[in-house]
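>>> Provided below are the primary sequence and the corresponding predicted coordinates.
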Amino acid sequence: NSVTVLQMPKSVVIGHKKTEKDGYNALVVGFEKSKPKSVNKPQKSYFAKIKQEPMKKIKEFRISDDNFVEEGKSIVVSHFVVGQFVDVKSISIGKGFAGAMKRHNFAGLRASHGVSISHRSHGSTGNSQDPGRVWKGKKMAGQLGNKTTTIQSLEVVSIDEDRGLILVKGGVPGSVGVWVEVRDAKKKSLPTNIPYPAG
């Protein structure tokens, strides 16, 4: 079976969100240090306020009360264990404006017998007097890809702690080099040897 190699950049816990103050519990994690020239003014003031070096990516992860990790600590690939299942979320590859056949797997019209220069069209889109309009959400030609997609329950096949790599079974949305969010799978139970509260 094919696997996808995901590299986890250097990460650090830069803040906490707590129910009393924010209405929910979450860890705020920053990934990979950013060059000073690529940080804008609002970001600079935010990082100065929390006394942290600017990071390329900030992500919140919802957690339970007893799963807080101290600020300044790193979360590494050993947070995941081989054999556990993860949900992977990313922005899919953009395919631009696509026709109904490519975008929705429509069959198209007949190759002969009275069909004139509209073989790949989507055909009729509405009906007669009632409702006398096209339904919202009607499948038509339009933008394909370039939207947030989640693939659920991918198995972690291997972990390379030295190089910070997670290998998951199967494909992951997005082109090479995009940011990918990896979470414990919603629909699968966690294995017993999972690190707690974090790896």
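Sure thing, it's come through. Since the model is a prediction, treat every value here as computed from it, not as a measurement.
>>> Count the neighbours of the closest residue to Gly164 other than its chain neighbours for me.
Once flanking residues are discounted, Gly164 sits nearest to Met8: 4.7 Å by CB to CB, 6 or more residues apart in numbering. Placement of C-beta: from N, CA and C, glycine included. Met8 has 20 neighbours, counted by other CB atoms under 10 Å.
>>> Pull the contacting residues for Met8.
Contacts for Met8 (CB atoms under 8 Å, 6 or more residues apart in numbering) come out as Val76, Val77, Gly164, Leu165, Ile166.
>>> So, low pLDDT: which residues of the protein?
By pLDDT under 70, the low-scoring segments of the chain are 199.
>>> for it, what spans make up the helices?
With DSSP state H as the criterion, the chain has helices at 19-22, 41-49, 100-104.
>>> still on that earlier bit, could you identify the buried members of the contacts of Met8?
Val76, Val77, Gly164, Ile166 (16 or more other CB atoms under 10 Å).
>>> for the protein, which strand is longest?
strand 148-160 (DSSP state E).
>>> And the strands in this structure?
3-7, 11-17, 26-33, 55-62, 85-91, 96-98, 142-144, 148-160, 165-169, 181-184.
>>> for those strands, which one sits closest to Val134?
Closest to Val134 of the strands of the chain is strand 142-144 (CB to CB; 13.3 Å).
>>> buried stuff in the closest one?
Those would be Leu144, for strand 142-144 by 16+ other CB under 10 Å.
>>> List the neighbouring strands of it plus their orientation.
strand 96-98 (antiparallel) (DSSP bridges).
>>> who's in contact with the strand it pairs with?
Ala141, Gly142, Gln143, Leu144, Gly145.
>>> before we move on, the earlier item: just list what the longest strand of the chain packs against, helices and strands only.
strand 85-91, strand 165-169 (3 or more CB pairs under 8 Å, 6 or more residues apart in numbering; DSSP states H and E).
>>> With distance to Ser112 as new columns, can the ones you listed be given to me in TSV?
Below are the helices and strands packed on strand 148-160 laid out as TSV (distance: least, CB to CB, whole Å):
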stretch	distance to Ser112
strand 85-91	41
strand 165-169	45
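>>> Nearest to Asp130 among those strands would be which one?
Set against Asp130 and scored by CB to CB, the helices and strands packed on strand 148-160 come closest in strand 85-91, at 39.6 Å.
>>> Please compute how far that closest one lies from its chain's middle.
Remark: strand 85-91 is offset 5 Å from the chain centroid, using CA atoms, centre = their mean, to the nearest Å.
>>> Quick check: can you name the pairing partners of that strand and their directions?
In the sheet, strand 85-91 lines up with strand 148-160 (antiparallel), strand 181-184 (antiparallel) (DSSP bridges).
>>> To Met101, which of these lies closest?
Of all those, it is strand 148-160 that lies closest to Met101, at 20.8 Å by CB to CB.
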